[in-house]
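A.B. asks: quick one, what's the 3D model for this:
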Amino acid sequence: MKLRVGLIGLGSAWESRHRPALRALSDRFEICAVCDQVALRAEQAAREWNAAACDGFRALTQRTDVDAVLMLAPQWYGYLPILAACDAGKAVYCANSLQLDPEQAKLVKQRVDEAGIAFMTEFPRRHAPATLRLKELIVTRLGKPRLLFCHARVPAEQHPGKPGSYPSGTNDLMELVDWCRYVVGAEPTSVVGVRHFASGEPRNDDYQMMSLDFASAPGDRGTEATAQISCGRYMPTAWQEATAYRPPAALQVACENGVAFIDLPATLVWFDNAGRHQESLESERPVGEILIAQFHRAVTSLIRNPAGLEDTYRALTVVLAAQRSFAEGTRSIIEF
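C.D. replies: Below you'll find the model as predicted:
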């Protein structure tokens, strides 16, 4: 079944991930409409795909030739296209993490559940070939994870966050939290958050860190695993060479029987009693194709899977708990 889709926003990953994936899966997807806050960009993409350029997301979601919408970039309208899609009964693929406060998150979750639409959030790290191989090794060779060290170093944003907006790095932290949840296979119960502000600006974080405890119950001494997650935005965008210089492994996992290092998207090095093992998984299918194909299955399946929205909601809950921990100076208990 070919799915007729509308594109809402064309982000930084359009050329490298989404456009090639949609080309490769042209037997499953047909782009019928495009909208973007930059009208010229929408018109150019619409001409390329022989689609219609729409003036706004509401007009796009109401089109009868659109079965689902792909939100591919964070733009001024935030989560509003999701509500519009719910009203129109259209499935949603969300490539950008949702910038929501707790009440907004509950509202979106409720509206999606009531509409009964398929919803999927793009978390590329959990679907990377190296991550999937690590999950296999955890079951067969390495044993349960005990310690996780997860770090992202990204260029500083050109402009600091505006008053009332989320601190910079929130989107990155949400995906890192989801990555650790997926690898451990459990939910965190408490978090300690640390933040550093560039030049003392309270809305311009250049470093955020959190320590997550995965325990059977909050306060238990028998913690199953601990994850240290950090996101650094302390290098100017123009310093591209410095940003890429000696980066730490994207994820280091110490397990019961060994330790593993992941460099995305497809390099995995792990150690056990037999020594060093290095695996390159470059021949695997690109992550973009894997994600888009999963969305196609979610929409065309007769069984609705709400996991995508739930994963987003839980990741956001953890990040907000970490921010609360920093503000209060105490460990925050996570309640989903």
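
A.B. asks: domain map for the chain?
C.D. replies: For the chain, automatic domain parsing gives the domain ranges 3-123+288-304, 125-284+317-333.

A.B. asks: can you lay out these as a markdown table showing mean pLDDT and distance to D311?
C.D. replies: Quick note: C-beta positions are derived from backbone N, CA and C, even for glycine. Putting the domains of the chain into a markdown table (pLDDT from 0 to 100; distance: least, C-beta to C-beta, whole Å) gives the following:
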| stretch | mean pLDDT | distance to D311 |
| --- | --- | --- |
| domain 3-123+288-304 | 90 | 6 |
| domain 125-284+317-333 | 83 | 6 |
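
A.B. asks: need these in TSV (columns: mean neighbour count).
C.D. replies: Below are those laid out as TSV (neighbours: other C-beta atoms under 10 Å):
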stretch	mean neighbour count
domain 3-123+288-304	18
domain 125-284+317-333	17
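
A.B. asks: make CSV from the ones you listed and add distance to E310 to it.
C.D. replies: Formatted as CSV, those follow (distance: least, C-beta to C-beta, whole Å):
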stretch, distance to E310
domain 3-123+288-304, 8
domain 125-284+317-333, 10
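
A.B. asks: L268 is in what secondary structure piece?
C.D. replies: strand 267-272 (DSSP states H and E).

A.B. asks: same for that strand, what does it pack against?
C.D. replies: Under the contact criterion of 3 or more C-beta pairs under 8 Å, 6 or more residues apart in numbering; DSSP states H and E, strand 267-272 touches helix 129-137, strand 259-263, strand 275-280.

A.B. asks: out of the ones you listed, which gets nearest to P188?
C.D. replies: Closest approach to P188 among the helices and strands packed on strand 267-272 (C-beta to C-beta): helix 129-137, 17.9 Å.

A.B. asks: mind listing the strands for the stretch 101-250 of the chain?
C.D. replies: Per DSSP state E, counting those that start in this stretch, the stretch 101-250 of the chain carries strands over the ranges 119-121, 145-155, 190-197, 205-214, 225-235.

A.B. asks: longest helix in this protein, please.
C.D. replies: In terms of residue count, the longest helix belonging to the chain (DSSP state H) is helix 307-328.

A.B. asks: show residues contacting that one.
C.D. replies: Outside helix 307-328, the residues within contact range by C-beta atoms under 8 Å, 6 or more residues apart in numbering are 94, 97-98, 100-102, 105, 108-109, 112-113, 119-121, 123, 167, 170, 173-175, 177-178, 181, 187-188, 191-195, 208, 210, 212, 298, 331-336.

A.B. asks: same question, stretch 178-190
C.D. replies: Under C-beta under 8 Å, 6+ apart, the answer for stretch 178-190 is 123, 125-126, 131, 134-135, 138, 145, 148, 150, 177, 212-220, 224-225, 227, 229, 251, 253, 311-312, 314-315, 318, 331-334, 336.

A.B. asks: quick one: strands adjacent to the strand holding L268?
C.D. replies: strand 259-263 (antiparallel), strand 275-280 (antiparallel) (DSSP bridges).

A.B. asks: the shortest one to strand 145-155, inter-axis angle?
C.D. replies: Looking back up the chat, that one is strand 259-263. 20 degrees (axes from the mean of the first three to the mean of the last three C-alpha atoms, to 10 degrees).

A.B. asks: just want the angle from strand 259-263 to helix 129-137.
C.D. replies: If you take the same axes, to 10 degrees, strand 259-263 sits at 160 degrees to helix 129-137.

A.B. asks: off-centre distance for strand 259-263?
C.D. replies: Distance of strand 259-263 from its chain centroid, counting by C-alpha atoms, centre = their mean, to the nearest Å, is 20 Å.

A.B. asks: tell me what the helix or strand containing A21 is packed against?
C.D. replies: Take DSSP H and E as the rule and A21 turns out to sit in helix 19-24. Packing partners of helix 19-24 (3+ C-beta pairs under 8 Å, 6+ apart): helix 287-300.

A.B. asks: returning to what we had before: for the helix holding A21, C-alpha coordinates in CSV please.
C.D. replies: The C-alpha trace of helix 19-24 is given here as CSV (Å, rounded to 0.1, in the frame of the first residue of the first chain):
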residue,chain,number,x,y,z
ARG,A,19,15.0,12.9,1.3
PRO,A,20,17.1,9.8,0.5
ALA,A,21,14.9,7.6,2.6
LEU,A,22,11.7,8.7,0.8
ARG,A,23,13.4,8.2,-2.6
ALA,A,24,14.5,4.7,-1.6
